[in-house]
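Enquirer: Whatever this is, show me its structure:
(chains A and B)
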There are 2 protein chains.
Amino acid sequence: MKQLRLFLESLFPISNEEFEYIANLFIAENYKAKEVIVQTGQIAKSIYLIEKGLLRTYHLMDGKEINTYFACDGQFISTFASFIQQTPSIETLEAIEDTMVYSLSKEALEAAYLKYPKFEKLGRYMAEQNYLCVTERTLVMQTKTGREKYLHFLENNTLKIVQRVPQHYIASFLGMAPESLSRIRKEIVRS
Amino acid sequence: MKQLRLFLESLFPISNEEFEYIANLFIAENYKAKEVIVQTGQIAKSIYLIEKGLLRTYHLMDGKEINTYFACDGQFISTFASFIQQTPSIETLEAIEDTMVYSLSKEALEAAYLKYPKFEKLGRYMAEQNYLCVTERTLVMQTKTGREKYLHFLENNTLKIVQRVPQHYIASFLGMAPESLSRIRKEIVRS
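Expert: Take a look at the predicted model:
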């Protein structure tokens, strides 16, 4: 949970007592590669802080998986709209590799907001980051060329995600065919 | 500021002292129809609670205005990514009709978070609502027919927005030509 402490301290000063309290709300869970954590149609009961591993969210469009987010060590992930509203998820959350997470339930988080209002800042931070992420993704998809999209992806993701997420997942995330991504990658290596 | 009190009370219990404090941070401002409040490229220094009027946000794509949000009496609006990051706005915020707002600066809001951490809940609420709005808009744009998009718009907006926002603004918001929206509206009236 050292990552959690560092992360929270980047948001606000936190006492040992407050940290103990919030840390105890997180539950360690392990998922195998390809295991589904939240299925489309289920309610996302928790948000996940990844200790080690790689997860993705995706939805189906015309029977094809469209990836919408990747996260790895030290990052939070959930099917966020479902989590904040506690309504059926329109996306699936799935492990790409064997992954260990700390899960924090909506119920536990709401209790933390009540006990220590400063944890609202954590909720605000997560909502703001998710907002920025989806806004930026929409803008990039609407306005950039294939090559620009891939360069933006490289700039805005950790090395682990760039190296370990399968290429056809990245292609669907960028809204392009795997062959197009392959061509773009070759052009970039050459240039 | 009665609307503000009712709104805040829907989020959390609030004392007279807390309400006085936050209410004093809001500044009354008036804008004329077509007046620009935040220009693309400027930093959105404030978020606006509309007392009476009608505002929109839009960005330019290939020289055309693409509307992204409408808000009227009792609703909050800003160019939100710019507001939370204090970076240049990629959108313009403009009055559709003469509008009176209460503006709350980022600086004042941050001070409120420090003085009364419960106001973080207001920040979290705004971020979550903006997240849900942009996620839903993206999904609707990707998956619905023109008719479905318009019906969804009718269901998810106040009567004032439906009745007073010019039809060509609504068409660009829905990603369709004004003639298509006109045809869809006629079909709906007939059915």
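Enquirer: so what pLDDT did the residue nearest in space to the middle of chain A get?
Expert: Against the mean C-alpha coordinate of chain A, by CA atoms, centre = their mean, the closest residue is A:I77 at 3.3 Å. On pLDDT, A:I77 comes in at 96.
Enquirer: neighbours around A:A112, how many?
Expert: 20 (other CB atoms under 10 Å in any protein chain shown). Where C-beta positions appear, they are placed from N, C-alpha and C, glycine not excepted.
Enquirer: Leaving out sequence neighbours, find the closest residue to A:I90.
Expert: A:H59 (5.9 Å; CB to CB, 6 or more residues apart in numbering or on different chains).
Enquirer: One more: A:Q129?
Expert: Spatial nearest neighbour of A:Q129, excluding adjacent residues (CB to CB, 6+ apart): A:F76 at 7.9 Å.
Enquirer: quick one: contacts for that neighbour?
Expert: The contact partners of A:F76, taken as CB atoms under 8 Å, 6 or more residues apart in numbering or on different chains, are A:47-50, A:126, A:129.
Enquirer: can you do 10 Å?
Expert: By CB atoms under 10 Å, 6 or more residues apart in numbering or on different chains, the contact set of A:F76 is A:7, A:47-50, A:101-102, A:104, A:122, A:125-126, A:129-130.
Enquirer: ok, so of the residues you listed, who is nearest chain B?
Expert: Chain B lies nearest to A:N130 out of these, by CB to the nearest CB, at 5.0 Å.
Enquirer: buried residues in the helix or strand that contains the closest one?
Expert: For A:N130, the host element (DSSP states H and E) is helix A:120-143. By 16 or more other CB atoms under 10 Å in any protein chain shown, the buried positions in helix A:120-143 come out as A:120-135, A:137-140.
Enquirer: same thing with stretch A:178-191?
Expert: In terms of neighbour count (16+ other CB under 10 Å), stretch A:178-191 has its buried residues at A:180-181, A:184.
Enquirer: Pick out whichever of those residues sits closest to chain B.
Expert: Distances from chain B to the buried residues of stretch A:178-191, taken by CB to the nearest CB, are shortest for A:S180, at 19.2 Å.
Enquirer: Dihedrals phi and psi, the closest one?
Expert: When read as degrees, to the nearest 10, the backbone of A:S180 gives phi -60, psi -40.
Enquirer: Likewise for A:K45?
Expert: Dihedral pair for A:K45: phi -80, psi -20, per degrees, to the nearest 10.
Enquirer: Just give the closest residue to it, not the sequence neighbours.
Expert: Nearest to A:K45 is A:S105, by CB to CB, 6+ apart, at 5.5 Å.
Enquirer: surely that neighbour meets A:E29?
Expert: No. A:S105 lies out of contact with A:E29 (CB atoms under 10 Å); the separation is 11.3 Å.
Enquirer: between these two, what contacts are shared?
Expert: Residues touching both A:S105 and A:E29 by CB under 10 Å, 6+ apart: A:S46.
Enquirer: which secondary structure elements does the host helix or strand of A:I184 contact?
Expert: Taking DSSP H and E as the criterion, A:I184 maps to helix A:178-190. Helices and strands touching helix A:178-190, by 3 or more CB pairs under 10 Å, 6 or more residues apart in numbering or on different chains; DSSP states H and E, are helix A:146-155, helix A:167-173.
Enquirer: Can you check what angle separates it from helix A:146-155?
Expert: 70 degrees (axes from the mean of the first three to the mean of the last three CA atoms, to 10 degrees).
Enquirer: Give me the distance between A:V165 and A:L174.
Expert: Between A:V165 and A:L174 the distance is 11 Å, computed by CB to CB, to the nearest Å.
Enquirer: Now for those two: what residues contact both?
Expert: Common neighbours of A:V165 and A:L174 (CB under 10 Å, 6+ apart) are A:67, A:153.
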